[in-house]
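Undergrad: What follows is a predicted structure for the sequence shown.
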Amino acid sequence: MFKKISVENIKELRNKTGAGMTDCKKALEASDGQIDIAIEALRKKGLASADKKSSRITAEGLIESYIHAGSRIGVLIEINCETDFVSRQPKFHQLAKDIAMQIAACQSVAYVFISDIPDNIVTYEYSLELQKEDLVDKPSNIRDKIANGRLNKRLKELSLMDQNFIKNMEITIEELVKQHIALWGENIKIRRFERFLLGEGLEVKTNNFRDEVSNMIQNK
C-alpha cells in the first residue's frame, strides 16, 4: 500500500538535502516515503545535473578564511560561482568555511584535483613506491601493478576533492560541491587555497642556556 507523504516528511527531506520541495515530494513518492532511499535518489540526481554545469564560467564567488583553535593553523580559500546572488547566500559561505576547515584538518592535501599535481611529483612518488623493500623481489609486472595502486592512493591523499568530508564521511568534497551545484543550479569551483602554519619556514634558534650565559660573560 502506498504510504501517504506528509508536509513534515517533505520538510525533513528538504532540510537534509537542500533540494526543492517538489523534488523532495517526488523522491518520497518514488521511495514510498523512505527518507534514506529518497536522499540517495536526490543525491544521484544532483550529481548528474552538476556534471552538466561543470564547464560553465564562474566569475563570482568569495575568499573565505578559517583559523583553527589556538590560532596556529589558518587557511585562505577562493571558491567561485556564476552569480553574486549565490555568492551572498549563507549556505555558500558555510560551504567555503567547511572546505577551508577540511584543508586545515588534512595536512597532506596540497592540490585541488589530482590533475593539478605536477608530472614530476607523480614520477617521484611512483619511484618511491617501486623502491620499497616489499616490492624489490617481485616480478616487474606485479611490482608495477602494486606500485600503481599505491600511487593512486597517494595522489588521492594530496587531492582536496578526493577527501572524505569530515562532517559526513559518506561523501567526498567533490560530491559535497556537486550537491551545492544541484542546489543552486549553477557551477561552483574551488580555485585555490593556501595553508598557513605558525612558524613555518623560520629558523629556530637552538643555543642552549649555558652557552648563552658564557657568551654574555665573555663580552663584558
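TA: Sure, I can see it.
Undergrad: roughly how far apart are residue 63 and residue 152?
TA: Spatial separation of residue 63 from residue 152 under the definition Cβ to Cβ, to the nearest Å is 32 Å. Quick note: C-beta positions are derived from backbone N, CA and C, even for glycine.
Undergrad: Actually, residue 72.
TA: Using Cβ to Cβ, one gets 32 Å for the distance from residue 72 to residue 152.
Undergrad: again with residue 81
TA: As defined by Cβ to Cβ, residue 81 lies at a distance of 30 Å from residue 152.
Undergrad: When the two are compared, which one has more neighbours?
TA: The neighbour comparison of residue 81 against residue 152 (other Cβ atoms under 10 Å) goes to residue 81, with 26 against 12.
Undergrad: Ramachandran angles for the more buried one?
TA: Recorded main-chain torsions at residue 81 are phi -140, psi -170, according to degrees, to the nearest 10.
Undergrad: Pretty sure it sits against residue 88.
TA: No. With contact defined as Cβ atoms under 8 Å, residue 81 does not reach residue 88; the gap is 10.0 Å.
Undergrad: What are the buried residues along stretch 127-140?
TA: Within stretch 127-140, the residues that count as buried by 16 or more other Cβ atoms under 10 Å are 129, 130, 135.
Undergrad: tally of neighbours for residue 200?
TA: If we define neighbours as other Cβ under 10 Å, then residue 200 has 9 of them.
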